[in-house]
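S.K.: Take this sequence and fold it.
(one chain, ligands or ions: 1)
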Amino acid sequence: MTDLSGRHGLVVGVANKRSIAWAIAQRLAGCGVRLALTYADERLGENVRALAASLDAPLILPCDVTSDDQVRAVYGEIGEAFGSLDYLVHAVAFAPRAELTGRFLDTSRDGFRIALDVSVYSLIALARGAAPLMRGQGAGSVLTLTYLGARRVFPNYNVMGVAKAGLEATVRYLAADLGPENIRVNAISAGPIRTLASAGISGFSDILQVYRDRAALKRNVDAGEVAEAAFFLLTSATAITGECLAVDAGYNIMGM
Ligand code: NAD
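M.R.: Modelled structure (predicted):
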């Protein structure tokens, strides 16, 4: 197994053991990467602390990504404890529940603002904070999670589809800005997986079934498979940046 001891990563988006972020954290930690994990609020902090007990001396920090102060504090702590950063994983998305059901036409101004702030602007803020710590050592890698709802219409995904489209464009702009400093920025477009976030989407079970029926591999994907692809993009895909890699059992290639 690759030995990545001496490397450091920040993983934002662990809520519980089903979180895609947790699968990625475990994959990185399994190779010796020392991690900082954040939690969005105190309720989730308990989960994160309990999960993190299985890792080697992680930093556990509060971070509501809508707060510039909290983002700044996270990087202050990481700078002191780690001195540098190799990997940033952004696995955060949120839209008010009312926006994830019914007609897209009824999207509220507030719902739009919140969805784009939490799910898209947060990547910009987190990448900006990570860059100096990555720059200092001449390389870094940033990864975010998106969904096919950015490019195609899925019932009830609504404003989150618009947010994911913005996120995918953000990946390209960040990749161009940070490329000269050898910092890569990529996305994984994951197939549907049962998690806390996906539970908020009306009719999510139907989406899972459609993937099972139509994906080239005739099955769904699991978080471990997403984590494996994330590990590749983060640690060894040295010439890949600004890309969006589908990890969806081949659903997106099918015409029908
Ligand atoms: P999850 O609920 O485990 O993770 C979402 C995370 O976002 C949670 O940890 C939550 O605390 C965090 N979050 C929400 N608002 C926040 C805020 N203001 N500040 C900080 N953190 C906040 O669900 P997941 O499915 O693992 O989601 C991770 C990422 O994967 C999301 O971007 C999601 O859109 C994406 N994704 C999920 C699926 C799926 O089917 N589960 C498919 C494709 C992409």
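
S.K.: contacting residues around stretch 40-51?
M.R.: Stretch 40-51 is contacted by residues 14-17, 22, 37-39, 60, 62-65, 92 when judged by C-beta atoms under 8 Å, 6 or more residues apart in numbering. The C-beta positions use only the backbone N, C-alpha and C, and glycine is treated the same way.

S.K.: Keep only those that also lie close to the ligand.
M.R.: Counting by C-beta under 6 Å from any ligand atom, Val14, Ala15, Cys63, Asp64, Val65, Val92 from the contacts of stretch 40-51 sit close to the ligand.

S.K.: residue closest to the middle of this structure?
M.R.: Ala91 (2.1 Å; C-alpha atoms, centre = their mean).

S.K.: Skipping its backbone neighbours, what lies nearest that residue in space?
M.R.: Residue nearest to Ala91 in three dimensions, not counting chain neighbours: Gly13, with 3.1 Å by C-beta to C-beta, 6 or more residues apart in numbering.

S.K.: That neighbour touches Ile20, doesn't it?
M.R.: Yes. When contacts are counted by C-beta atoms under 8 Å, Gly13 is listed as touching Ile20 (7.3 Å).

S.K.: and Val30, how many neighbours?
M.R.: One thing to correct before we go on: residue 30 is Gly, not Val. By other C-beta atoms under 10 Å, the residues close to Gly30 number 14.

S.K.: go on, the one 3 residues further on?
M.R.: When counting by other C-beta under 10 Å, one arrives at 25 neighbours for Val33.

S.K.: same question, the one 3 residues further on
M.R.: Under the neighbour criterion other C-beta under 10 Å, Ala36 is assigned a count of 24.

S.K.: That concludes my questions; thank you for your assistance.
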